[in-house]
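**Student:** Sequence and predicted model, in that order:
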Amino acid sequence: MKRKVKDIIAAALTRAHGAGVLPSPDFPPIEVEEPRIEAHGDFSTNIAMVMASIQKMAPRKIAEGIVGAIDALADPDGLVARTEIAGPGFINFFIAPAAWGPVLEQVHAAGDRYGASSMGGGRKAQVEFVSANPTGPLHVGHGRGAAVGDAVANILAFCGFDVQKEYYINDSGRQIRTLGRSVFLRYKQGLGQGQTFPDDCYQGEYIRELAAAIQEDKGDALLHESEDEAVAYCARRAAAEILSGIQADLKDFGVGFDRWFSEQDLVEEGKVDAAIAELKEKGTVYEKDDALWFRTTDYGDEKDRVVVRGNGQTTYFASDIAYHRDKFDRGFDRVIDVWGADHHGYIPRMSAGVQAMGVDRDRFQVILVHLVNLLRSGQPVAMSTRAGEFVTLREVVDEVGRDAARFLFLTRHYESPLDFDLELAKKKTNDNPVYYVQYVHARIASIFAKGEAMGATPAVRIEAPSPGLLTAAEEIALIKALSRYPEVVENSAALLEPHRLTYFLMSLATLFHAYYNKHRVLTDERDLSQARLYLALAVQSVIRNGLSLLGVSAPEKM
RNA sequence: GCGCCUGUAGCUCAGAUGGAUAGAGCAACGGACUUCUAAUCCGUAGGUCAGGGGUUCGAAUCCCUUCAGGCGUACCA
């Protein structure tokens, strides 16, 4: 609808210029917004004020010229019932109530694809997210990253990008060795070789469990191997087991990946060395204090960074450069990384890496997801990663359910810290937005069940009602909201902000609940009932559509 | 110290690319179930958009600055 109003304005501008009312043919982009205040109409434009200096005319005078040019030629469908010039020069548009009808037809015609766009033009985009080290189970923070990454990927795919979802496994390097050492020490303790357990080892109970499993399997065999071999064995085995746990957790959270990318493979295939060689070739590295430094300051970083340490080992950063080299080699036009906010200092460095490889900097984007504060009835739940005491994603999902967890993770902008209250997440009331939205879907399903029992024909589902039946204020408000959906989806995609969709769904739900309480869908009048069923079905479709982009189910019954 | 993020109603938060009189939920108070699911709705009340400058027809939004909080600032990952 907004699109059509823009077209009308554009036509009016041309006509006004042709009639000599507007001296200059130089028209700025037309912006149309929906005023907050109802009295200001359904849409309004500031075009007259923006053009004032170009046309060398007073804004209100220009507005008069434009309004005068809105005639049957500019508005062939007769959408505009009335216009007015207000304030410093706004033009307000009042849409004829009957003109909203076709929006519903569009919703029904497009079905599951309503709101989809070709914005991405089939370009390849990769979203890499979660990527937690396989040194321990996923916690709630990872859950938020998973919910955000998955939703962003879904939204981009819906907007015409060819999206691939990837998980990067840090299965090489020091943390994995520490994992092996931790497990081996617990293993030795289990066999009575009790030594002190260092602070820099992983403290969690799961380490003991892994050690116990190894003991059960291998007895004391590892004690007869060299320590290096034993630690390496523990590391390999523990990492594999933890990783399969992570994979199961994500699967049960409804998050799937197209590819699990191993850092170890990257190293073994020589891609890390190749990346370093490429940097050398390009002359962006230098040696200092036995180490090899990458001149990231050339790309805006605050200091240069080491890629090869004095001891000859490559850094994590070196792997990451190689990894991103590989991503772009795989043909992605856009690479989007979802990181925990504590890694924000890493962005300039990674961006430097990408640019040094000759990739345009805006093809690489990072979404920083801020932390989750876990609460229970308003009280913080003690969490200490240090002591290995943290609440896992699985525990949370088991307690509150997958839909609640996923939806609540998306109720904030990801750069805002999120309070996640376990008790609130379980509540089945107004306080809990998940059920509030899902309830609309179930309610409408229930109306249809009732309608069929009353003998409403299936035809109501596909036939557009005759115009003029859906004129209640609540009905127009619902249709307006539905007409905004495609724009909300596009904005979500353009800004990589799924919470916009979450908020849209909550406000659509509010409108429907209000409508439901005020009007009956199933009435004695057949035509009216059909019209309202047609509207209700459109609302249900958009709710389902939006929830599915967020990875949340749309139940028929609650 | 430097860098990034945040600061909007008592609480939790929306307000992309500058628009008219600042938005929602919760909490508080008062109402609505013989009805298609009350997991709902309606109403009342609540504000120096952290403070101060600037840019312009117009600023929560852009710029500068002060303050407060969070995070980062490794030859760790």
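**Tutor:** Everything's here; your move.
**Student:** what ranges do the helices span in the stretch 301-450 of chain A?
**Tutor:** A:316-329, A:347-356, A:393-400, A:402-409, A:422-426, A:433-453 (DSSP state H, counting those that start in this stretch).
**Student:** so of those, which one's packed in deepest?
**Tutor:** The highest average neighbour count among the helices of the stretch 301-450 of chain A, using mean count of other C-beta atoms under 10 Å, belongs to helix A:402-409 at a mean of 25. Yep, even glycine has a C-beta here, placed from its N, CA and C like the rest.
**Student:** Give me the pLDDT for the residue in chain A that RNA strand B sits nearest to.
**Tutor:** In chain A, the residue found nearest to RNA strand B is residue A:345; the distance is 2.2 Å by C-beta to the nearest atom of the strand. With respect to pLDDT, residue A:345 has a value of 83.
**Student:** cool, and the one 5 residues further on?
**Tutor:** As summarised for this prediction, residue A:350 has a pLDDT of 93.
**Student:** Let me know the pLDDT of the closest residue to it other than its chain neighbours.
**Tutor:** Nearest residue to residue A:350, sequence neighbours excluded (C-beta to C-beta, 6 or more residues apart in numbering): residue A:320, at 6.3 Å. Residue A:320 carries a pLDDT value of 94.
**Student:** And residue A:320, how far from residue A:288?
**Tutor:** With distances taken as C-beta to C-beta, to the nearest Å, residue A:320 is found 21 Å from residue A:288.
**Student:** Just to check, residue A:225 is in contact with residue A:233?
**Tutor:** Yes - with contact defined as C-beta atoms under 8 Å, residue A:225 counts as touching residue A:233 (7.5 Å).
**Student:** neighbour-wise, which of the two wins?
**Tutor:** Per other C-beta atoms under 10 Å, whichever of residue A:225 and residue A:233 has more neighbours is residue A:233, with 19 against 13.
**Student:** List the contacts of the lowest-mean-pLDDT helix or strand in chain A.
**Tutor:** Scoring the helices and strands of chain A by mean pLDDT, DSSP states H and E places strand A:379-380 at the bottom, with a mean of 77. Applying C-beta atoms under 8 Å, 6 or more residues apart in numbering, the contact partners of strand A:379-380 are A:373, A:374.
**Student:** That strand: partners in the sheet, and parallel or antiparallel?
**Tutor:** strand A:372-376 (antiparallel) (DSSP bridges).
**Student:** tilt between the strand it pairs with and helix A:393-400?
**Tutor:** Relative orientation of strand A:372-376 and helix A:393-400, computed by axes from the mean of the first three to the mean of the last three C-alpha atoms, to 10 degrees: 40 degrees.
**Student:** Name the residues of strand A:372-376 that come out as buried.
**Tutor:** A:372, A:374, A:375 (16 or more other C-beta atoms under 10 Å).
**Student:** go on, stretch A:493-508?
**Tutor:** Under 16+ other C-beta under 10 Å, the buried positions of stretch A:493-508 are A:493, A:496-506, A:508.
**Student:** What of stretch A:523-535?
**Tutor:** For stretch A:523-535, by 16+ other C-beta under 10 Å, it's A:528, A:529, A:530, A:531, A:532, A:533, A:534, A:535.
**Student:** secondary structure element for the last one?
**Tutor:** Think residue A:535. helix A:526-550 (DSSP states H and E).
**Student:** tell me what that helix is packed against?
**Tutor:** Helix A:526-550 sits against helix A:101-110, helix A:140-158, helix A:433-453, helix A:473-495, helix A:499-518, with contacts defined as 3 or more C-beta pairs under 8 Å, 6 or more residues apart in numbering; DSSP states H and E.
**Student:** low pLDDT regions in chain A?
**Tutor:** Under the criterion pLDDT under 70, the flagged ranges of chain A are A:382-390, A:454-463, A:467.
**Student:** isn't residue A:149 right up against residue A:132?
**Tutor:** No - applying C-beta under 8 Å as the test, residue A:149 and residue A:132 come out as separate, 11.8 Å apart.
**Student:** ok so residue A:557 is a strand residue?
**Tutor:** No - counting by DSSP: H, G, I helix; E, B strand; the rest coil, residue A:557 is not found in a strand; it is coil.
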